[in-house]
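[1] fold the following and give me the result.
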Amino acid sequence: MELWRYYRVLRKRKWLIIIGTAICVGIVLATTYLRSQQWEAYTTIMEKSPGDEKISIFGGPFYQYDPKLRLSNLAQMVKSRTVMVRAAETMDRENMSSDPNRVLGTLNVTPLLDTSILVIKVQSESNAEAQAAADVVATEFIRFYNELNYGGAARSREFIKSELPKAEARLNKIRDELRKFKEESGAVMVSHQTDVLLQQLSQIQTNLSQYEIQAEQAHAKIAELKSQKGVVAGIRVASTVVGVSQVWQTLQVELANQQMELQGMLGHRTHEHPEVKILEQQIAETESKLAATAENILSNTVTAANPIYDNLLQSYVSSLVEYSAASAARAAAQQVIDSLKPELEVLPAQEMRIAQLTLEEDSAKNTYSLLCQKYDEATIREKEAENVSSIHVVDAAEVRSANPRKRMKLAMALLLSPTFCAGIAFLLNYLDNTVKTPAEAEGLLKLPVFAVVPIARAHSLAKGRDLPAIGSSYQMLSTNLLIGHPGLDGHTVLVASAEPDVGRSTTAANLAITLARDGARVILVDSDLRQPSQHIIFGVENERGLSNILAGQLSLKDALQLTSVSDLLLVPSGPLPANPVRLFRSPEMAKFVSAVNDMADFVIFDSPAGITFADSTLLAALVKNVIIVHSAGTVPRGAEEEFRNRLEQVKANMVGAVLNMVRPEDSHGYYHFRSAYEELMKDGRGPAALSGQVLSAIPEETSGEVDETSSTDS
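    Predicted coordinates:
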């Protein structure tokens, strides 16, 4: 039964599955075969573990370093805006790409599992462009990493390099002034005492210049570190380390020892022994202590900051200290100079001027020499920093196709797409709350379903078409009525429905035709005075009919019209009145129902939608017997229950229901009809065709009586 239900769902949603599969396969084809060839360049870089050359600061067996989070931080740094901007500028400057931002937009950085290696991937339509982009990204990241960790030497070198031309220009200027003064004033000798004072001042001036250079270097370094701290502020945490409580561990060991001792005692003693009781009490106390410390098992939680951020912070603090020390030393040296300069002012004018110029020359020369020395030292430190970088390129960029395994992708799409679409079909079926099967209709209408009418392009039997499936369904309906005829309240039957557009008029017409073909005398009354359609179905005039009878303008005999079906008479609706309810409430309507009830075996009444108009309720009160028509595939909105309550209020005899427009996969009867009998009837080998003639439903010895009665009633 479950397999049958699954089959019905798949058959019902077959076009969804087919179209969905075609779309999925089309998307795979478009993304693999139709798009231009893409090339992927990848390079691998590795960071030397911070614990390779250093002793761990945690030093316990319960602490461990988290390399995954550190690699994640490094991956974010590779994709940082600074690295991307520098890489784009380099590619543009070297003419490696016409649109560096487009290529770098495909950047993907992936840490390799259980390693300290990062894989940098870049895609492009040009293999050379992709390879160049991958190499540039790796190079710029290493440079940026080194700047963050070892950038002090480079900053010092750049600062000293900018100061060297100034110091050289000052030295040359002072030398020119000293030479010019000596030429103008002649050779002037300074005294030994003055020479000693000049040497002392020169030494202090040299120290002052050194302190000034150190202060300026520290100040420039502080400004640079402030900006770099902001770059890595969002990736500060590199690892989280957790320590287990020593108290909890001690209690665990103690409890284990006590339990082992208890097991040894119980080998030759009972639980009533005093020592056993004491030991059991000690075990209970230990367990209570463990329960009390259970929430504090992880007593020590240490969050290790990103080492790059730590290095920056440490350098920042060191620079602040260096700047403060250099500023203090500079101030002290300046005080000594200020205290010695008055001794020069007591010298003769020429000697004092020569002494001042000589002092300035020595100071400028010493400053220049010191800057040259510092520049060489900074250059050496920068080279050393580059050689000790923790980031190394493992493999240079290699290029491969970015669209591998095309056939496998297509095969997977062909295999998985139907499964995916079938899942969607089952989901839609699960969410579908419409009435589809006879069991669901019986649960909704609380009536037995007499017939299940399948959906079809042609559904009217009045045109004489060969509709075996439709005809079989209405034969089932007529059979149920004939079998239940003794239980009917008279010969009249109202075909009604709660909602419009459910095939109510067609059901009434086909039921009347089937009953007539089965040998019953049938009158079909089109009592739908809102939107009549029986005259259209049977192709007769509608100039006179039920409305004329109820208005007293026409007799029943004059209103009856012959149809193309033997033993079936039709009472059309006639001209549409302004107020049909008033006509149905009139005594003439009750007289009409009583009259037609005595004239035929079955009188079938058509009606408008019962939830919209009161016509059906008034007709049910007079006709009594009601067949409710419901259309499959519609969502119950409460109209059916409301209409049923109205019929119960007028004490109508609700005989049964007809489920109309049922999908073939939702009908067991139609499924078996189609599989076993449909082809038989199409080939002309049906029951009627086997004998070569169409047999009458009425025996020959009674056909004359029926014909005579029918002509008399007409």
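
[2] from now on I want contacts and neighbour counts done on CA atoms only, so please keep to that.
    Will do.

[3] nearest spatial neighbour of Leu410, chain-adjacent residues omitted?
    Nearest non-adjacent residue to Leu410, counting by C-alpha to C-alpha, 6 or more residues apart in numbering: Val28, 6.6 Å away.

[4] now the one you found: which helix or strand?
    Taking DSSP states H and E as the criterion, Val28 maps to helix 14-29.

[5] which non-adjacent residue is nearest Ala620?
    Nearest one to Ala620, counting by C-alpha to C-alpha, 6+ apart, is Ala652 at 5.8 Å.

[6] residue ranges of the strands in the stretch 451-600 of the chain, please?
    492-496, 522-526, 561-562, 568-571 (DSSP state E, counting those that start in this stretch).

[7] for those, which one sits closest to Ala291?
    Closest of those to Ala291 is strand 492-496, at 74.5 Å (criterion: C-alpha to C-alpha).

[8] how much space between Asn366 and Ile380?
    21 Å (C-alpha to C-alpha, to the nearest Å).

[9] pull out the buried residues from stretch 472-483.
    Ser472, Ser473, Tyr474, Gln475, Met476, Leu477, Ser478, Thr479, Asn480, Leu481, Leu482 (16 or more other C-alpha atoms under 10 Å).

[10] Ile120: which of the residues you listed is nearest?
    Distances from Ile120 to those, taken by C-alpha to C-alpha, are shortest for Ser473, at 70.0 Å.

[11] which residues touch the closest one?
    Residues counted as contacts of Ser473 (C-alpha atoms under 8 Å, 6 or more residues apart in numbering) are Ala451, Val452, Val453, Pro454.

[12] returning to that earlier point: and of the buried residues of stretch 472-483, the nearest to Ala218?
    Looking across these and measuring by C-alpha to C-alpha, the closest to Ala218 is Ser473, at 99.2 Å.

[13] domains for the protein, by residue range?
    Under the assignment automatic domain parsing, the domains of the chain span 2-33+415-431, 39-185+389-401, 248-295, 438-686.

[14] now do the end-to-end distance for the second one.
    For domain 39-185+389-401, the first-to-last residue distance is 5 Å (C-alpha to C-alpha).

[15] Ala332: which of the domains of the chain is closest?
    Ranked by C-alpha to C-alpha, the member of the domains of the chain that lies closest to Ala332 is domain 39-185+389-401, at 22.5 Å.

[16] re the thing from before, flag whichever of the contacts of Ser473 scores worst on pLDDT.
    Across the contacts of Ser473, the smallest pLDDT goes to Pro454, namely 84.

[17] from Asn660, how far out is that residue?
    From Pro454 to Asn660 the distance is 7 Å (C-alpha to C-alpha).

[18] and if you look at Leu164?
    100 Å.

[19] Glu168 too?
    For Glu168, the distance to Asn660 equals 106 Å [C-alpha to C-alpha].

[20] what about the two, which has more around it?
    Ranked by neighbour count (other C-alpha atoms under 10 Å), Glu168 and Asn660 place Asn660 first, with 23 against 16.

[21] which SS state does that one fall under?
    On the three-state scheme (DSSP: H, G, I helix; E, B strand; the rest coil), Asn660 is labelled strand.

[22] circling back to that earlier point, the more surrounded of Asn366 and Ile380?
    Neighbours per residue, other C-alpha under 10 Å: of Asn366 and Ile380, the larger number sits with Asn366, 21 against 14.

[23] where do the strands of the stretch 101-250 of the chain begin and end?
    Using DSSP E, counting those that start in this stretch, the strands assigned to the stretch 101-250 of the chain run over residues 108-111, 117-124, 237-243.
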